[in-house]
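[1] Here is my input; please provide its structure:
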Amino acid sequence: MLLKTWMVAVLAALPAVSAAAQVADESGPALEVGVARFYRSAGRQTVVDGFCRVPFTLLDPLSRGPTGTASYRVTVSVRDSANLELVAQTWTRSVRARLLSAARGSTVEHFTFAATPGAYSIDVAVRDSATGRTARRRLVMTTYPDAPAASDLLLATALRPVSGADSVPRSGELRKGSVLVEAADRPLLTPRAAQLGYYLEWYAQAPETAAVSIRIARATGEPVVTTAPQQVSFGAGGGASRGMVDLVGLPPGDYTFEVVVQSRDTVVARQAPFRMGGLETALAAEAVDAADKFAAMTEAQLDTLYAPLVYLMASDEVGIYGSLTLDGKRGYLRWFWAKRDPTAGTPRNEAQEDFYTRIGEANRRFREGGVADIPGWRTDRGRIFIKYGPPQDVLQRPQAGSTAPYEVWKYTRGRLSKYVFLDQTQFGNYALIWTDDRRESSRPNWQALLGPEAVQDVERF
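    Numbers count the residues shown, from 1 in each chain. Just a heads-up that it's a prediction; the model follows:
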């Protein structure tokens, strides 16, 4: 169940795990490791989402300059009480070298596994590729023996609902039911990014309504903010509660985020820590947010980002990507966008951001249904929109007498061009049939397809 966003006026994750204990790192800069546990009745399993915060002080650059990088290898091992290894995972990440100087800079690695009731140890090692220096951290935890009243509390810097065309988690996101969560261990907020969200599962056996409230307290336990309870309905088997809190004006320091759920006969509180930085940390945090977004992506996600680049590619960039390894594909995308970065050396790549924003908008506005189910970026209207942006003038004729529906797009700023799209199927599948843009092709019989009245309409527009 989605709670409305709380707007809180104030003066002005390692997710909490009661059954887990940190063990000091064996060498190198300190890693932070924490988990959030979620119960699944099938097989009495606990799904564990683990997080490891890697401080940039652990890393040295492999190369320098605007495109310089640092890299590290993460190894995760999970063992049960009999020392039987349940999970063994290893992966490599890279970050831009210029981010290493960010004050309190770090990045978060995520891992997940499912386990039956018992005690487990999680060992995480991070090895810097440049120096071979290794930092280690162990966490000891127990899984749920039976269904608890509620899961652990998962804090997030962003939440967004799953939609039909946008259901794949982005870098840094986890999917939890019908929501995508940008989870963080002990989130660091700044005056420029002061919203904090949460996700909590409630395991009710029968339908019920519970009162959910939020309490923000200093590390000393002194309450700072308490929200009024909101009534949330849960179905049989329980459900999820989530929400966002705006903490603009919260003074710098360490805090605890607590969610309290009160049902007819049960009161449960779950806590997790977070930090609020001052103005001096805002720019550093923004630089960390701009770290390599390709590093944590799966191959399918990388392929999804690569496919629309056909609209931008030069001849020497074609035919390379498909033969590359997973790391090679990441490297290709970094190289491709570094060449097009209008502000090289800054955290943002405005060209990359604008392009993928247009992809998202094209998918939302121009997706074509039917058997093909073509995403918006692959349609003719989507292609023109992505390459040239929104037109300055649009003529829409959804009902055009004997003529099939058509649209005319006109660009009047910078480049003067006109595009005519016709929906011959009358199912919303518009195809480009004529344009005065020499970079696009027109159909020789476009006038016959439109009919004389529609042709005059296009010419007058």
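[2] Could you break this structure into its assigned domains?
    Under the assignment automatic domain parsing, the domains of the chain span 1-16+153-281, 17-144, 391-460.
[3] so how far does the last one reach from one end to the other?
    From the first residue to the last, domain 391-460 extends over 17 Å; the measure is CA to CA, to the nearest Å.
[4] same deal with stretch 307-323?
    Across stretch 307-323, the terminal residues are separated by 14 Å (CA to CA).
[5] and it, which residues are buried?
    By 16 or more other CB atoms under 10 Å, the buried positions in stretch 307-323 come out as 308, 309, 321. Bear in mind the C-beta positions are built from the backbone N, C-alpha and C, glycine included.
[6] Narrow those to those in helices?
    Counting by DSSP state H, no part of the buried residues of stretch 307-323 is found in helices.
[7] Quick check: of those residues, which lies closest to residue 458?
    Proximity of the buried residues of stretch 307-323 to residue 458 (CB to CB) peaks at residue 308, which lies at 28.4 Å.
[8] Please look at the closest one and residue 379 and confirm they touch.
    No: Residue 308 lies out of contact with residue 379 (CB atoms under 8 Å); the separation is 11.7 Å.
[9] quick one: contacts of stretch 412-422?
    The contact list for stretch 412-422 (CB atoms under 8 Å, 6 or more residues apart in numbering) reads 380-381, 384, 388, 391-393, 404-411, 430-437, 440, 446, 449-450, 458, 461.
[10] Look at residue 276 and say how many residues are nearby.
    Look at residue 276: counted by other CB atoms under 10 Å, it has 22 neighbours.
[11] and the gap between it and residue 214?
    Going from residue 276 to residue 214 by CB to CB, to the nearest Å gives 15 Å.
[12] Quick one: find the helix or strand in this protein with the lowest mean pLDDT.
    strand 6-7 (a mean of 36; mean pLDDT, DSSP states H and E).
[13] Three-state assignment for residue 358, please.
    Following DSSP: H, G, I helix; E, B strand; the rest coil, the label given to residue 358 is helix.
[14] cool, residue 43 as well?
    helix.
[15] So which bits of stretch 153-172 are buried?
    Under 16+ other CB under 10 Å, the buried positions of stretch 153-172 are 153, 154, 155, 156, 157, 158, 159, 169, 172.
[16] again but with stretch 96-111, I slipped
    Buried residues in stretch 96-111, counted by 16+ other CB under 10 Å: 96, 97, 98, 99, 100, 102, 105, 106, 107, 108, 109, 111.
[17] Between the residues you listed, which sits nearest residue 82?
    Residue 82 has its nearest neighbour among the buried residues of stretch 96-111 in residue 111, at 21.3 Å by CB to CB.
[18] show me what contacts that closest one?
    With contact taken as CB under 8 Å, 6+ apart, residue 111 is in contact with 49, 50, 52, 76, 87, 89.
[19] Next, format those residues as TSV and append distance to residue 399 and neighbour count.
    Compiled in TSV, the contacts of residue 111 are given as follows (distance: CB to CB, whole Å; neighbours: other CB atoms under 10 Å):
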residue	distance to residue 399	neighbour count
49	52	22
50	56	24
52	58	25
76	60	19
87	60	17
89	57	14
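[20] per-residue confidence averaged over stretch 134-150?
    Averaged across stretch 134-150, pLDDT comes to 95.
[21] oh, I was asking about stretch 391-405
    82.
[22] Identify the residues contacting that stretch?
    406-413, 419, 422-424, 426, 430, 449-451, 453-454, 457-458, 461.
[23] try 10 Å this time
    381, 384-385, 406-414, 417-428, 430, 449-455, 457-458, 460-461 (CB atoms under 10 Å, 6 or more residues apart in numbering).
[24] Point out where the stretch 251-400 of the chain drops to low pLDDT.
    Filtered on pLDDT under 70, the stretch 251-400 of the chain yields the residue ranges 278-292, 345-347, 369-373, 400.
[25] Let me see the backbone angles for the residue lying closest to residue 223 once chain neighbours are set aside.
    Using CB to CB, 6 or more residues apart in numbering and skipping residues adjacent in sequence, the residue nearest residue 223 is residue 217, 4.9 Å away. Dihedral angles of residue 217 (phi, psi; degrees, to the nearest 10) stand at phi -130, psi 150.
[26] if we can go back for a sec, can you put the buried residues of stretch 307-323 in CSV and add distance to residue 248?
    Output for those, formatted as CSV (distance: CB to CB, whole Å):
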residue, distance to residue 248
308, 36
309, 38
321, 42
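[27] What is the nearest of these to residue 356?
    Distances from residue 356 to those, taken by CB to CB, are shortest for residue 308, at 8.3 Å.
[28] and that closest one, what does it touch?
    Counting by CB under 10 Å, 6+ apart, residue 308 touches 355, 356, 358, 359, 362, 363, 375, 377, 378, 382, 383, 386.
[29] so which of those residues is the most crowded?
    residue 382 (26 neighbours).
[30] Tabulate the CA atom coordinates of stretch 59-68 in PDB.
    The C-alpha coordinates for stretch 59-68 follow below in PDB (Å, rounded to 0.1, in the frame of the first residue of the first chain):
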ATOM      1  CA  LEU A  59      40.800   3.000  -4.400                       C
ATOM      2  CA  ASP A  60      43.600   4.300  -6.600                       C
ATOM      3  CA  PRO A  61      43.100   5.300 -10.200                       C
ATOM      4  CA  LEU A  62      44.200   3.000 -13.000                       C
ATOM      5  CA  SER A  63      44.400   6.000 -15.300                       C
ATOM      6  CA  ARG A  64      43.900   9.700 -15.000                       C
ATOM      7  CA  GLY A  65      42.500  12.500 -17.100                       C
ATOM      8  CA  PRO A  66      38.800  13.200 -18.000                       C
ATOM      9  CA  THR A  67      38.200   9.600 -18.900                       C
ATOM     10  CA  GLY A  68      40.400   8.000 -16.200                       C
END
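[31] So what touches that stretch?
    29, 69-72, 93-101, 105-107, 126, 128-133, 334-335, 338-339, 341, 344-346.
[32] Apply 8 Å and report the result again.
    Residues outside stretch 59-68 that contact it (CB under 8 Å, 6+ apart) are 69-72, 95-98, 100, 128-131, 133, 334-335, 338, 344-345.
[33] What helix or strand is the closest residue to residue 340 other than its chain neighbours located in?
    Ranked by CB to CB, 6+ apart and with sequence neighbours excluded, the top spatial neighbour of residue 340 is residue 351, at 4.6 Å. Assigned by DSSP states H and E, residue 351 belongs to helix 350-366.
[34] what's the following helix or strand past that helix packed up against?
    Going down the chain from helix 350-366, the next helix or strand is helix 380-388, by DSSP H and E. With contacts taken as 3 or more CB pairs under 8 Å, 6 or more residues apart in numbering; DSSP states H and E, helix 380-388 sits against helix 350-366, strand 406-411, strand 417-422, strand 431-435.
[35] Can I get the ones you listed in CSV including distance to residue 185?
    Converted to CSV, the helices and strands packed on helix 380-388 look like this (distance: least, CB to CB, whole Å):
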stretch, distance to residue 185
helix 350-366, 26
strand 406-411, 47
strand 417-422, 48
strand 431-435, 49
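[36] Quick check: which of the ones you listed is nearest to residue 241?
    helix 350-366 (27.9 Å).
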